[in-house]
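Engineer: With the sequence up front, the predicted model follows.
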Protein chains: 6
Amino acid sequence: MRPSGRAPDALRTVSLEPGVARHAEGSCLIRMGLTEVLCTASVEGRVPPFLRNSGQGWVTAEYGMLPRATHTRSDREAARGKQSGRTQEIQRLIGRSLRAVTDLKAMGEMTITLDCDVLTADGGTRCASITGAWVALHLAFEHCRASNIMTANPLRDQVAAISCGIWEGAPVLDLDYAEDSKADADTNFVLTGQGGIVEVQGTAEGAPFTEADLTALMQLAKKGTGELFAAQRKAIGG
Amino acid sequence: MRPSGRAPDALRTVSLEPGVARHAEGSCLIRMGLTEVLCTASVEGRVPPFLRNSGQGWVTAEYGMLPRATHTRSDREAARGKQSGRTQEIQRLIGRSLRAVTDLKAMGEMTITLDCDVLTADGGTRCASITGAWVALHLAFEHCRASNIMTANPLRDQVAAISCGIWEGAPVLDLDYAEDSKADADTNFVLTGQGGIVEVQGTAEGAPFTEADLTALMQLAKKGTGELFAAQRKAIGG
Amino acid sequence: MRPSGRAPDALRTVSLEPGVARHAEGSCLIRMGLTEVLCTASVEGRVPPFLRNSGQGWVTAEYGMLPRATHTRSDREAARGKQSGRTQEIQRLIGRSLRAVTDLKAMGEMTITLDCDVLTADGGTRCASITGAWVALHLAFEHCRASNIMTANPLRDQVAAISCGIWEGAPVLDLDYAEDSKADADTNFVLTGQGGIVEVQGTAEGAPFTEADLTALMQLAKKGTGELFAAQRKAIGG
Amino acid sequence: MRPSGRAPDALRTVSLEPGVARHAEGSCLIRMGLTEVLCTASVEGRVPPFLRNSGQGWVTAEYGMLPRATHTRSDREAARGKQSGRTQEIQRLIGRSLRAVTDLKAMGEMTITLDCDVLTADGGTRCASITGAWVALHLAFEHCRASNIMTANPLRDQVAAISCGIWEGAPVLDLDYAEDSKADADTNFVLTGQGGIVEVQGTAEGAPFTEADLTALMQLAKKGTGELFAAQRKAIGG
Amino acid sequence: MRPSGRAPDALRTVSLEPGVARHAEGSCLIRMGLTEVLCTASVEGRVPPFLRNSGQGWVTAEYGMLPRATHTRSDREAARGKQSGRTQEIQRLIGRSLRAVTDLKAMGEMTITLDCDVLTADGGTRCASITGAWVALHLAFEHCRASNIMTANPLRDQVAAISCGIWEGAPVLDLDYAEDSKADADTNFVLTGQGGIVEVQGTAEGAPFTEADLTALMQLAKKGTGELFAAQRKAIGG
Amino acid sequence: MRPSGRAPDALRTVSLEPGVARHAEGSCLIRMGLTEVLCTASVEGRVPPFLRNSGQGWVTAEYGMLPRATHTRSDREAARGKQSGRTQEIQRLIGRSLRAVTDLKAMGEMTITLDCDVLTADGGTRCASITGAWVALHLAFEHCRASNIMTANPLRDQVAAISCGIWEGAPVLDLDYAEDSKADADTNFVLTGQGGIVEVQGTAEGAPFTEADLTALMQLAKKGTGELFAAQRKAIGG
């Protein structure tokens, strides 16, 4: 029995609340169990230097955690004067994942920045950020379409992410913090609505894992993201 | 008529929601109209170097704004690598205001850090932070008392803050963003439950203001904080 | 009797020495008792990005303290790699105070930077900086006029600042360091020659203070700045 | 035909030169085709704060690239004042990979730091760093054993890494820079001598890839690391 | 004829005013022509980590320039967030020069920090800093002796510095800014009272210079420092 | 007898290997005994802001040391977030030395950056950097000439550097680390092929040294650089 009492292939309760941020062009508050991440999408009419005059757009992400999102207070990165390696790794992952399903050329020269700020952390914050950010990004593109900045939504597919792990020898879906800190492997899958792999990141925490483990974890991830895709579609009114 | 349509001495709708942050020893989500600030209090069993072996405690604050709390996205301070002068000024003010009503000696050698993070900004965020942080601090002290770390709550009084300004020649209470950006004076009052002044910060935005203006703004602040004190008491179940 | 032996409404000996910095377009060495601040005004023919093509000028300030201006040596901010929150707060205050009496539109697109560097600190350095910087700014504008860069001096009024406090229950003017460290309130008033309030910043150091205290401190500040305005006029040869 | 002309499952010429750094306790210069990385292992008799008095050791890594290791010169990170997100991501990966095959408890309280500095970059620098660093680490442990600091080498297994990708629809092994910049997927596998997975990091560069692709890439990685393990054993004289 | 109209071997007017900084244990305001540097010596009862429990003391220096010490305003290093390479080079030179004539063992475990802040710059600021700092250091040691912290002054000799250059082919002493910016060589000599060389730093600005030039510049430096040693002795009342 | 057993005027074994860096326009690996420095020259088609539209080029240098180039591991400057004062001093020296023999006007508006990275340190790294960087710079200019970016090589002369010191009273050439740490004087000479002095930097480590010492050290430096000039010519195939 896993600590959460959930079945090996059971997600935590998922909720995707769109439009929560008053000023943002798109936003979504995602909850995966106790984990809460506020995702906002901000539209800006220019691109980074390396894309100027390319006719192409850009989607990027920043990630942060409120100091007391965690069990004990963490230092505020703004006060320390730099973002940790973990933060940078996560925000690079979110950006890549969203760009993988966006037609950047169809966007035109504009940038959308996804801010994923963790209000409460209970494991799986990077995956929740990706899943929630997709909704915020979709809404921002719809906003652009409604404002006649674009004629079509340049998202080509959905994207969502989920973590899986090995708990006492058995593959389990959607680790919460208590499970994550004791699991033998921590793997994050970023998958598309059509079943493609955008990112897979697996780390052995204790003993190395096997190819068979990887295959089993992949099956769980497919099941889990299937439910997340449904929740995303519902959130955007689809 | 002021832009918000409120009477000159009318606060925006105020709401103080205690206990919203799952992990923090004390917390409060304060809403003043559209402005929303999440205040958490974190207890740590040690003090800054200058207080070691003094037998005295410390209360301090940090302030931040989510990048898209504002109408247009602001840079993330963690990414820029430093906190702005404005941020530092505000967090110093919050810390001083709370220490003014805390018996630091009675706390013993421990630190409570108040994190005030603005989720949505519509004017008055520093004042809302102080008012909400007091509730979070009170709850954290109660938590310490319940855990037998303290025998009594070391808060000696309530403290709350409100901004007032001059709108087209007339003093008005509790400026929202639209009003603040056009007011002739921007004054913040931090007052105690017993009517004392903890901080007063007045700045002429256009023409200098007069002593009579200052007196009138002070009266508005007393009325406004009176209502905030009642809301605080309600929030802590008093 | 206050520590300095001065009457409650007595300033320290004030001296404003204009033109001390050989290279600056305007400068003033201000002494308030032992406190000594060197204020220089530097003219530059461009404005910050947010004012480009606005036809409007800018006045800004930076503040610093020599490491051994104080009783015990302080760290050099350049060596620590950042300016403290206190430094930033002070330089923002100086800048706002001077802009409040400057016709920025009449300046045209140019920037004047006031550098206020404390050579010896004995309390009241931020107030002395404002009072001295006004003289340096006036001289720099006169320099621009003499060089035919401007046809009129864009200063609309004088501005000066003074600190007041409560010493053993009684309001006193112009706190030196020994008094400041034991006073019950520390209030800084930035006033104009015509009697207007540009800034008021009051902080209760121990117990909160009352509205009556604030009124009494304001009267002292008016008297004190009256004397400073006379000294400023003498310094600019007026 | 892939750009390098190699067979899909062919590694570049691999060379592992041990002992090249005169001062280091262990070192290895690894060449994978044109890519060259100097790996040194430095032994220090203390551990990071979170391990003090734990009886356990630590293995960590830092990664750097000489400014002109690349086709066009890159900024020196020391001059820019911070390490990029990419650098931090890579050095975290190297550290995790080596710790996965080290018995940290058997080390005792000491730290070994692996410095992986890229002298010439032609793709696959992070994988080469891991493979070369394992040799440097092994030699440093042997050095500790020879100096009677340890009685046994705490390495439990070998670890090596290789990148694989999809080139025009076909899975290929060990991408060089020209291939990497045009491949459809970039996956890095960190595997142990006994066939376990320590890390898998796959990123779709263009279209998402499939589960079948992942399986095929995994097979290539097993073949490639098999050859690297043999080269490592030869380098350590095994 | 050199720009200043001085004879090739003539110093500018030198003035060394001791005791100008009220709080410092030792201080000296040095003027070399228009160049003005305020040197303060601060005594602190501890040493840097590498000297702890060595029984030995330390003498170190920091150097700064007020933003408007120069013809056009320079950025404030504290605002830029780092000290320039030039600043660091100069403060390392001042520290080395003073340590060369100090018996660090006789000091006992304490640190003296010399702060050399340029109020007005007109060439030769690093040399003036060394010459003035020696006076401040001497006075600080005398202060320690008077306070019975030391029984003897640990200075073994005087040290002073002067710049020399080649002006239109002829060696000249003590370059001011106008001369320095057009001279063909810029050499700084740090010499002791007994005629020893502590530092020599010569840089060809245009064409390389010859060994004969170096010898001629050295003679000028000896003459110049001879006069500076006399001025130092007078300043300390010797 | 000096520790290295070399005659007082004997250089260590010198080797200058040109063209070692695959991507750089010019490069040289210099070995002076155990000291090894990789020097690369990178050509970039633009100049720093202060030279824009001047028609003039720029030559600059950066210096670094691999963390384990030294006996015990040094911190990585990129990880610490800043370059030390020593690093900045050295890279400024390398840049000045090379510019002294380059006709910057003849270059046209382009920049060449010399990166000098120490792979193994055993004393004399700054001198070796200068000597090796000259070869890299020469090759980069030849590359520009071969690419028809320039019609002539803008180097006017050779430049090389060597350290000399006083060992137990006697002047000796080319100090290695063991000698350097005990020498009484450490002097670096940067000389041109035609015998001119570009830089001389002498520091007394223990007792001050005399003018006669300086002259003797200068003679050694001439002899030493003579041999280095021959090695440079050989390296460039001259």
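Structural biologist: Arrived safely.

Engineer: Contacts made by the lowest-mean-pLDDT helix or strand in chain A with the rest, please.
Structural biologist: Across the helices and strands of chain A, the lowest-confidence element by mean pLDDT, DSSP states H and E is helix A:177-180, at a mean of 91. For helix A:177-180, the external contacting residues (C-beta atoms under 8 Å, 6 or more residues apart in numbering or on different chains) are A:2-4, A:71, A:121-124, A:163, A:165, A:167, A:172, A:186. (Each C-beta comes from the backbone N, C-alpha and C, glycine too.)

Engineer: ok, of these, which come out buried?
Structural biologist: Among those, those buried by neighbour count (16 or more other C-beta atoms under 10 Å in any protein chain shown) are A:2, A:4, A:121-124, A:163, A:165, A:167, A:172, A:186.

Engineer: Isn't A:Met107 up against A:Gly55?
Structural biologist: No - with contact defined as C-beta atoms under 8 Å, A:Met107 and A:Gly55 do not form a contacting pair (9.5 Å).

Engineer: For the two, indicate the residue with more neighbours.
Structural biologist: The neighbour comparison of A:Met107 against A:Gly55 (other C-beta atoms under 10 Å in any protein chain shown) goes to A:Met107, with 24 against 12.

Engineer: so who does that one touch?
Structural biologist: Contacts of A:Met107 (C-beta under 8 Å, 6+ apart): A:56-59, A:150, A:154.

Engineer: Out of these, which two sit at the greatest distance?
Structural biologist: Greatest spacing in the contacts of A:Met107, by C-beta to C-beta: A:Trp58 and A:Met150 (14.5 Å).

Engineer: of those two, who's got more company?
Structural biologist: A count of neighbours by other C-beta under 10 Å puts A:Trp58 above the other of A:Trp58 and A:Met150, at 21 against 18.

Engineer: Send me the least confident helix or strand of chain A as CSV with only the CA atoms.
Structural biologist: Extracted in CSV, the C-alpha atoms of helix A:177-180 (Å, rounded to 0.1, in the frame of the first residue of the first chain):
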residue,chain,number,x,y,z
TYR,A,177,5.8,14.7,-1.4
ALA,A,178,5.8,11.9,1.1
GLU,A,179,6.0,9.3,-1.6
ASP,A,180,8.5,11.2,-3.7
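
Engineer: my guess is A:Glu140 meets A:Val43, correct?
Structural biologist: For the record, residue A:140 is Ala, not Glu. Yes - A:Ala140 is within contact range of A:Val43, at 5.7 Å (criterion: C-beta under 8 Å).

Engineer: which residues are common contacts for those two?
Structural biologist: By C-beta under 8 Å, 6+ apart, the residues touching both A:Ala140 and A:Val43 are A:25, A:112.

Engineer: Show me what from chain A comes close to chain B.
Structural biologist: Counting by C-beta under 8 Å from any C-beta of the partner chain, the residues of chain A close to chain B are A:21-24, A:27, A:34, A:38, A:40, A:42, A:44, A:62, A:64, A:66-73, A:76-79, A:81-83, A:87, A:113, A:115, A:117, A:119-120.

Engineer: host element of the residue of chain A positioned farthest from its centre?
Structural biologist: Centroid-distance maximum for chain A: A:Asn53 at 29.8 Å, with C-alpha atoms, centre = their mean. In the assignment (DSSP states H and E), A:Asn53 maps to no helix and no strand.

Engineer: how about it, what does it touch?
Structural biologist: Counted by C-beta under 8 Å, 6+ apart, A:Asn53 has contacts A:Glu109.

Engineer: now swap in A:Gly81 and tell me
Structural biologist: A:Gly81 touches B:81-82, C:82, counting by C-beta under 8 Å, 6+ apart.

Engineer: Verify the contact between A:Lys82 and B:Ala79 for me.
Structural biologist: No - using C-beta under 8 Å, A:Lys82 is not in contact with B:Ala79; the gap is 9.1 Å.

Engineer: contacting residues for the residue nearest to the spatial centre of chain A?
Structural biologist: Central residue of chain A (C-alpha atoms, centre = their mean): A:Ile130, 1.3 Å from the mean position. Neighbouring residues of A:Ile130 by C-beta under 8 Å, 6+ apart: A:93-94, A:97-98, A:159-161, A:190.

Engineer: State the distance from the residue in chain A positioned nearest to chain E to B:Ala61.
Structural biologist: Proximity of chain A to chain E (C-beta to the nearest C-beta) peaks at A:Gly81, 9.6 Å away. For A:Gly81, the distance to B:Ala61 equals 18 Å [C-beta to C-beta, to the nearest Å].

Engineer: ok so, going back, give me the buried positions along the least confident helix or strand of chain A.
Structural biologist: A:177, A:179-180.

Engineer: Then stretch A:179-193?
Structural biologist: Buried residues in stretch A:179-193, counted by 16+ other C-beta under 10 Å: A:179-180, A:183-193.

Engineer: what's the closest of those to chain D?
Structural biologist: Taking those together and measuring to chain D by C-beta to the nearest C-beta, the closest member is A:Thr192, at 5.1 Å.

Engineer: Give me the contact list for the longest helix belonging to chain A.
Structural biologist: In chain A, assigned by DSSP state H, the helix with the most residues is helix A:211-235. Under the contact criterion C-beta under 8 Å, 6+ apart, helix A:211-235 has outside partners A:8-9, A:11, A:14-18, A:28, A:131, A:134-135, A:138, A:158, A:160-162, A:164-166, A:171-174, A:185, A:187, A:189, A:191, A:193, A:195, A:200, A:202, D:197, D:200, D:211, D:214-215, D:218.

Engineer: and the helix or strand hosting A:Ala161, what does it pack onto?
Structural biologist: Take DSSP H and E as the rule and A:Ala161 turns out to sit in strand A:159-167. Strand A:159-167 sits against helix A:85-99, helix A:125-146, strand A:170-173, helix A:177-180, strand A:185-192, helix A:211-235, with contacts defined as 3 or more C-beta pairs under 8 Å, 6 or more residues apart in numbering or on different chains; DSSP states H and E.

Engineer: Show me which positions of the third one end up buried.
Structural biologist: Neighbour counts using 16+ other C-beta under 10 Å place A:171-173 of strand A:170-173 among the buried residues.

Engineer: if we can go back for a sec, would you mind putting the contacts of helix A:177-180 into JSON lines with pLDDT alongside?
Structural biologist: Supplementary listing: the contacts of helix A:177-180 in JSON lines, determined by pLDDT from 0 to 100:
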{"residue": "A:Arg2", "pLDDT": "88"}
{"residue": "A:Pro3", "pLDDT": "88"}
{"residue": "A:Ser4", "pLDDT": "89"}
{"residue": "A:His71", "pLDDT": "94"}
{"residue": "A:Ala121", "pLDDT": "97"}
{"residue": "A:Asp122", "pLDDT": "97"}
{"residue": "A:Gly123", "pLDDT": "96"}
{"residue": "A:Gly124", "pLDDT": "97"}
{"residue": "A:Ser163", "pLDDT": "97"}
{"residue": "A:Gly165", "pLDDT": "95"}
{"residue": "A:Trp167", "pLDDT": "89"}
{"residue": "A:Val172", "pLDDT": "96"}
{"residue": "A:Asp186", "pLDDT": "92"}
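
Engineer: Please identify which pair of these lies farthest apart.
Structural biologist: Spatial extent of the contacts of helix A:177-180 (C-beta to C-beta) is set by the pair A:His71 and A:Val172 at 21.4 Å.

Engineer: related to what we said a few turns ago, tell me which of the helices and strands packed on strand A:159-167 lies nearest to E:Pro49.
Structural biologist: helix A:85-99 (27.2 Å).

Engineer: How about the residues of chain A by chain D?
Structural biologist: By C-beta under 8 Å from any C-beta, the part of chain A that sits against chain D consists of A:82, A:85-86, A:88-89, A:91-92, A:96, A:100, A:187, A:191-192, A:194-204, A:207-211, A:213-215, A:218.
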